[in-house]
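Student: need a structure here:
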Amino acid sequence: MRRVLPSLTALQFFESSARHLSFTRAAEELNVTQSAISRQIRALEEYLGRDLFRRVKKRLKLTAAGEAYAAQVRDLLDRAEAATLQVMAYSDAGGMLNVGTLPTFGARWLVPRLGDFKTTWPDIQLNLITQTREFNFTREGIDIAIHFGEDNMPGCVFHRLMGETLIAVCAPKILKENDDLPIARERVRNCTLLQHSTRPRAWQDWLAATGVAVVDELAGPRFEHFHMVIQAAVAGLGLALLPEFLVREELDNGRLVAPFDVSIPNRHAYYVVYPEEKENNFAVRAFRDWIIATCRAETAQSNAA
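Tutor: This is a model prediction of the structure:
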């Protein structure tokens, strides 16, 4: 069956015009004439049976239909470009690998270790894609990902990398400000609790483990990424509950302290995960084996210390 699709040229011209809200600037970007842009937009509107642009006081504006269409076309072109580059870079012993990762895990744990991977596999080009929500391998063009949670994603292969232990940390000045309080429990009650938006019940679990009661364990400024929580804690904005391995540097250099001898293991873990159909992909297998070996070696070293 023939697909109901306009020409790729029309879509490219429309996307550029929608992004710039200018036929002139789109023409400059695409190295064509303004009249060529106008012809393609007119043809696209006729094909769709909808106006995509309107002029308001000589300025170009998207219609409601145009605005919705522009977002979808931009995503389509981005994915088509990524797929094209991946095929162009493909080789049996290398190629391009799109790796999904959590933002703070990627920045603090994965990136500092990628030099070792690059030394072992110099022909594999890694592209890191970060987000906090669950990855959609098909829609986002991801080959393999670092996932935190449970190993229950249908159609995917999971390999456990490491667990996670949560500790409460704060800037040294927070301790000094609360030094007159008699016991640690009172210090907790007197502190602002920094919240992580994807771990809304973390403080509740930690407080239950310590037997400390606060007025509202969900109260406190909320941050989307662990990196932001870490920076907020370093800035002295409050008490943060964080994975110990993500703040080891700050603990070692004294920018953060762990004032309580309570840590709680998270029931979830970090996994490397990929779609079943990618299992025989050379680059996927290379990255999988490397990161599993790296995690096992570091865990063994930590246990021996």
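
Student: What ranges does the stretch 51-200 of the chain have for its helices?
Tutor: 64-89, 103-105, 114-120, 137-140, 172-177, 184-189 (DSSP state H, counting those that start in this stretch).

Student: of those, which approaches residue 224 most closely?
Tutor: helix 103-105 (8.6 Å; CB to CB). Using the backbone N, CA and C atoms, a C-beta is placed for each residue, glycine as well.

Student: For that closest one, what is the distance to the chain centroid?
Tutor: The chain centroid and the centroid of helix 103-105 are separated by 7 Å, computed with CA atoms, centre = their mean, to the nearest Å.

Student: what packs against it?
Tutor: With contacts taken as 3 or more CB pairs under 8 Å, 6 or more residues apart in numbering; DSSP states H and E, helix 103-105 sits against helix 226-234.

Student: With adjacent residues omitted, what lies nearest to residue 43?
Tutor: Computed as CB to CB, 6 or more residues apart in numbering, the closest residue to residue 43 that is not its neighbour in sequence is residue 10, at 6.1 Å.

Student: buried ones in stretch 155-174?
Tutor: 156, 157, 161, 162, 164, 166, 167, 168, 169, 170, 171, 174 (16 or more other CB atoms under 10 Å).

Student: Pull the most distant pair out of those residues.
Tutor: Maximum distance among those (CB to CB): 43.5 Å, for 157 and 174.

Student: How many neighbouring residues does residue 271 have?
Tutor: 20 (other CB atoms under 10 Å).

Student: Test my guess that it contacts residue 157.
Tutor: No - Residue 271 lies out of contact with residue 157 (CB atoms under 8 Å); the separation is 9.6 Å.

Student: all strands for this structure, in order.
Tutor: Along the chain, counting by DSSP state E, strands occupy 53-56, 59-62, 95-101, 124-130, 144-149, 156-162, 165-169, 193-196, 222-223, 239-243, 263-265, 269-275.

Student: Low-confidence regions, the chain specifically.
Tutor: 1, 86-94, 177-190, 213-218, 304-305 (pLDDT under 70).

Student: who does residue 264 bridge with?
Tutor: Here residue 264 shows beta-bridge partners residue 166, assigned using DSSP bridges.
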